[in-house]
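[1] Sequence and computational prediction follow.
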Amino acid sequence: MTLIIIFTAMILLVLAGLPIAFIMLVLSGVYFLTGPVPGFITLLPTKIFEGMDVIILTAIPFFLLAGDIMGKSGMADRLMDFANELIGRVRGGLAHVNVMVSLLFAGLTGVAVGDIAALGKLEVNGMERAGYPRPFAAAVTVSSALIGPIIPPSGMIILYCAIMDVSVGGMFLAAIVPGVLMALGDMLLISTVAKKRNFPKVDSPFSLVVLLSKGRHAVLAVALPVILIGGIVGGIVTPTEAAAVAVIYALIVAVFIYRTMTLKSLWRSFANASFESARLMFMIGAALTMSWVFALEDMPGKFAVLFGGSDTSLLVLLLTINVMFLVLGMIMEPSLALILFGPIVAPVAYAAGLDPLQLGVMLLVNVTVGLATPPVGNALFAIASVVTVDMSKLIKELLPFLAIKFVMMVLIGTLPFITLAVPGLFGLN
């Protein structure tokens with residue numbers, strides 16, 4: 001009964017427009033004051049700081065800063081030029097370029113909405129000028145942006161590993177194949193639609209010299225994830241050290257090689273990263289305080305009883321978890337959904353035979369796809385904020401892309417080798 005009251009109050013306060021972090025702190029405070037041990041209220045500040053006092057979380061500000069610098073350095077333009085030269089000559093080539101750029105660029109930012117904000121207007125307008133319908137161009141942009149939080153290095157993966165005590169190197173490797181498969185699924189759908197609707201292609205002749213020239217400019221962007229993942233998996237650097245290396249690398253590329261960053265733009269990058277880090281850390285502290293309430297109310301036990309007391313199959317369990325986190329991703333920030341409810345479903349999922357890496361990637365895909373799931377996905381509002389597009393037409397074009405990602409969620413849960421094959425090669429599963 002208490003949990004029902006908490007969730008009802010949370011929903012009402014969210015609808016009233018209160019910040020979610022304050023809602024969780026207020027509800028936790030009220031719970032402790034009215035609970036069987038009112039003295040627990042004195043522990044509230046301690047629990048907030050305990051939630052933030054996790055060494056691996058120090059990597060997040062560095063990754064946010066590196067992503068912001070890379071985003072402002074003109075790296076996306078160089079990646080787009082290279083991708084267009086590489087694959088733009090097939091029918092629907094510019095749509096394929098959209099997916100490829102997101103695959104490369106969003107892995108640096110690790111934020112789907114950030115990818116849309118940085119590239120959305122450029123990609124949609126460019127595709128429309130080339131002859132693509134604007135709703136389709138916007139749908140491709142939204143769908144491809146969902147790959148960002150999955151492809152390592154990703155701040156959300158770091159956060160999940162900190163909360164769930166999972167290997168960062170293992171999660172990075174486990175996410176590679178699902179992320180690439182999501183991109184290939186998008187490109188397969190684009191190829192089918194492009195032939196059916198006779199989408200344009202680039203008619204200029206192929207030039208190896210031009211390709212190598214543009215590849216030379218883009219390789220600095222592609223090299224960063226390789227360096228970071230290799231350093232972490234090889235045990236050369238910790239995740240926090242790798243994040244600091246990413247910042248230094250980004251500064252060198254942006255300031256001394258590309259020469260596109262001024263002191264003013266650098267200051268803005270530091271300010272943005274500081275603000276986002278503070279906001280995220282405060283939310284983590286509040287969420288883990290709420291998680292303490294869930295633990296006192298034995299929410300994980302109640303969830304286990306819900307399935308453990310029946311002959312529920314693994315497929316039904318997977319579908320239930322998928323739907324649950326998909327809905328959570330629609331109505332709250334993905335990171336918050338993982339913090340609050342990841343520890344609740346994990347014991348049941350592990351008992352059913354899911355590997356921690358397998359579950360982690362599945363949950364990441366779920367909450368990320370929830371960002372673009374109608375009617376309230378934040379990614380839909382993000383694309384609408386950068387380009388003018390009819391929302392009903394956008395959703396119609398987006399649904400086939402979402403269907404591919406829904407299938408991917410189920411495959412990740414039912415086919416362990418999708419996530420475990422690569423970590424297994426490095427002995428990390």
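    Okay, I see it.
[2] any chance you could map the helices in the stretch 101-250 of the chain?
    112-129, 134-145, 155-164, 168-197, 208-233, 239-251 (DSSP state H, counting those that start in this stretch).
[3] Just say which of those helices is most tucked in.
    helix 134-145 (a mean of 28; mean count of other CB atoms under 10 Å). Glycine gets a C-beta too; all of them are placed from N, C-alpha and C.
[4] Distance from it to the middle of the chain?
    Taking CA atoms, centre = their mean, to the nearest Å, one finds helix 134-145 lying 17 Å from the centre of the chain it belongs to.
[5] If you count contacts, what does that helix end up packed against?
    Other elements packing on helix 134-145 under the criterion 3 or more CB pairs under 8 Å, 6 or more residues apart in numbering; DSSP states H and E are helix 93-109, helix 112-129, helix 168-197, helix 378-386, helix 391-414.
[6] Identify whichever of the helices of the stretch 101-250 of the chain lies nearest to residue 51.
    Taking CB to CB, helix 155-164 is the member of those nearest to residue 51, at 9.2 Å.
[7] If I take the closest one and helix 239-251, what angle do their directions form?
    Helix 155-164 and helix 239-251 are oriented at 170 degrees to each other (axes from the mean of the first three to the mean of the last three CA atoms, to 10 degrees).
[8] avg pLDDT for helix 155-164?
    For helix 155-164, mean pLDDT is 86.
[9] again with stretch 126-142
    Mean pLDDT, stretch 126-142: 87.
[10] Contact partners for residue 297?
    Contact analysis of residue 297 by CB atoms under 8 Å, 6 or more residues apart in numbering lists 2, 3.
[11] Ramachandran angles for it?
    Its backbone dihedrals place residue 297 at phi -90, psi 0, with angles given as degrees, to the nearest 10.
[12] What does the pLDDT read for it?
    At residue 297, pLDDT is 80.
[13] Okay, it and residue 335: tell me how far apart.
    22 Å (CB to CB, to the nearest Å).
[14] Equivalent analysis for residue 162, please.
    Residue 162 is 11 Å from residue 335, by CB to CB.
[15] Give me the distance between stretch 193-207 and the centre of its chain.
    Per CA atoms, centre = their mean, the displacement of stretch 193-207 from the mean C-alpha position of its chain is 30 Å.
[16] First-to-last residue distance for it?
    27 Å (CA to CA, to the nearest Å).
[17] Need the contact partners of it.
    Stretch 193-207 has contacts (CB under 8 Å, 6+ apart) with 84-85, 88-95, 130-132, 136, 400.
[18] farthest-separated two in the residues you listed?
    85 and 400 (27.6 Å).
[19] With neighbour numbers in mind, choose between these two.
    residue 85 (22 against 16; other CB atoms under 10 Å).
[20] Was I right to think the more buried one contacts residue 217?
    No. Checked against CB atoms under 8 Å, the pair residue 85 and residue 217 is beyond contact range at 10.8 Å.
[21] Low-confidence stretches in the stretch 201-350 of the chain?
    Low-confidence regions of the stretch 201-350 of the chain, defined by pLDDT under 70, span residues 202, 306-312.
[22] Try it again at 50.
    310 (pLDDT under 50).
[23] how's the protein carved up into domains?
    As assigned by automatic domain parsing, the chain contains the domains 1-53, 54-425.
[24] Point out the most buried one among these.
    Buried most deeply of the domains of the chain, by mean count of other CB under 10 Å, is domain 54-425, with a mean of 20.
[25] Can you give me the end-to-end span of that one?
    By CA to CA, one end of domain 54-425 lies 29 Å from the other end.
[26] Centre of the chain to that domain, how far?
    4 Å.
[27] Please report how far the residue nearest the centre of the chain lies from residue 182.
    Nearest to the geometric centre of the chain sits residue 149, at 2.4 Å (CA atoms, centre = their mean). Residue 149 sits 11 Å away from residue 182, taking CB to CB as the criterion.
[28] Also residue 46?
    Look at residue 46 and residue 182: by CB to CB, they are 40 Å apart.
[29] Repeat that for residue 72.
    26 Å.
[30] And for residue 229?
    In terms of CB to CB, residue 229 sits 18 Å off from residue 182.
[31] got a list of what residue 261 touches?
    Per CB under 8 Å, 6+ apart, neighbours of residue 261: 69, 72, 73, 251, 254, 255, 269.
[32] Next one: the first one, what pLDDT does it get?
    In other words, residue 69. 84.
[33] Check residue 24 too.
    86.
[34] Which helix or strand contains it?
    Following DSSP states H and E, one finds residue 24 within helix 20-34.
[35] which helices and strands does that helix pack with?
    Using 3+ CB pairs under 8 Å, 6+ apart, helix 20-34 sits against helix 2-15, helix 44-52, helix 263-296.
[36] what angle separates the longest one from helix 239-251?
    In terms of direction (the same axes, to 10 degrees), helix 263-296 departs from helix 239-251 by 160 degrees.
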